[in-house]
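A.B. asks: pasting a predicted model and its sequence here:
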Amino acid sequence: MSRIGRLPIHVPAGVDVKLEADNVITVKGKNGTLTRQLHPDMIIEVSSDEITVKRPSEDKVHKSLHGLTRTLINNMVVGVTEGFTKELEINGVGYRGQMKGKTLALTLGYSHPVEYNAPEGITLEMPSANKILVKGANKELVGATAAKIRTFRLPEPYKGKGIKYVDEHIRRKEGKAGGKKK
């Protein structure tokens, strides 16, 4: 039995869960509405305050889908109640960012500023000139947006310049040894 898959998902007050045909689940809460098509083989039971996921057989495919399905539903419930946040940090001399309305404008050493519009359901905030907060209800979309912003200037290992996650550690390299050639 899947240790993650067998755990019931608690549905907090104020969250509305609907299960439609073909395992289309809709979760509605204070942070918005999320809808997802789940694998049709999985058995999902929705009660007033709990969601349980069961698998139809002990096949390898069903075993692997069991924990995944439960985690996807749990992330939807957490997303519409609390939301998800990713923090990015800009390092480097002259590297900075600012918000222009809903557009993120980044100065990253290129000949022009990089401008990025967040997708629907994602909010970008800049509490300081070198910190970016990516917030949203959809965990997958928050992570993809943060990864997209990070690709504008990946952190390099010699001076550590670039955009990195706050909790990310960049392995630093030593520069050239120098000295005379023989």
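C.D. replies: Happy to help now that I have it.

A.B. asks: contacts, neighbours, all on C-alpha from now
C.D. replies: Fine.

A.B. asks: ok, the spatially closest residue to A105 that is not a sequence neighbour - contacts?
C.D. replies: Nearest residue to A105, sequence neighbours excluded (CA to CA, 6 or more residues apart in numbering): E115, at 4.4 Å. By CA atoms under 8 Å, 6 or more residues apart in numbering, E115 lies in contact with T103, L104, A105, L106.

A.B. asks: try it again at 10 Å.
C.D. replies: Residues counted as contacts of E115 (CA atoms under 10 Å, 6 or more residues apart in numbering) are G97, Q98, M99, K100, T103, L104, A105, L106, T107, I149, F152.

A.B. asks: just the ones of these in helices?
C.D. replies: Under the assignment DSSP state H, the contacts of E115 contribute I149 to helices.

A.B. asks: among the contacts of E115, which ones are buried?
C.D. replies: Buried members of the contacts of E115, counted by 16 or more other CA atoms under 10 Å: G97, Q98, M99, L104, A105, L106, T107, I149.

A.B. asks: would CSV of the contacts of E115 with distance to T85 and pLDDT be doable?
C.D. replies: Shown next, in CSV, are these (distance: CA to CA, whole Å; pLDDT from 0 to 100):
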residue, distance to T85, pLDDT
G97, 18, 94
Q98, 18, 94
M99, 17, 94
K100, 20, 93
T103, 18, 94
L104, 16, 95
A105, 20, 95
L106, 20, 95
T107, 23, 94
I149, 14, 96
F152, 19, 96
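
A.B. asks: what's the nearest residue to the residue positioned nearest the centre of the chain if we skip its chain neighbours?
C.D. replies: The centroid of the chain falls nearest to G143 when counting by CA atoms, centre = their mean (2.5 Å). Excluding the flanking residues, the one nearest G143 by CA to CA, 6+ apart is K86, at 7.1 Å.

A.B. asks: A strand includes that neighbour, no?
C.D. replies: Yes - counting by DSSP: H, G, I helix; E, B strand; the rest coil, one finds K86 located in a strand.
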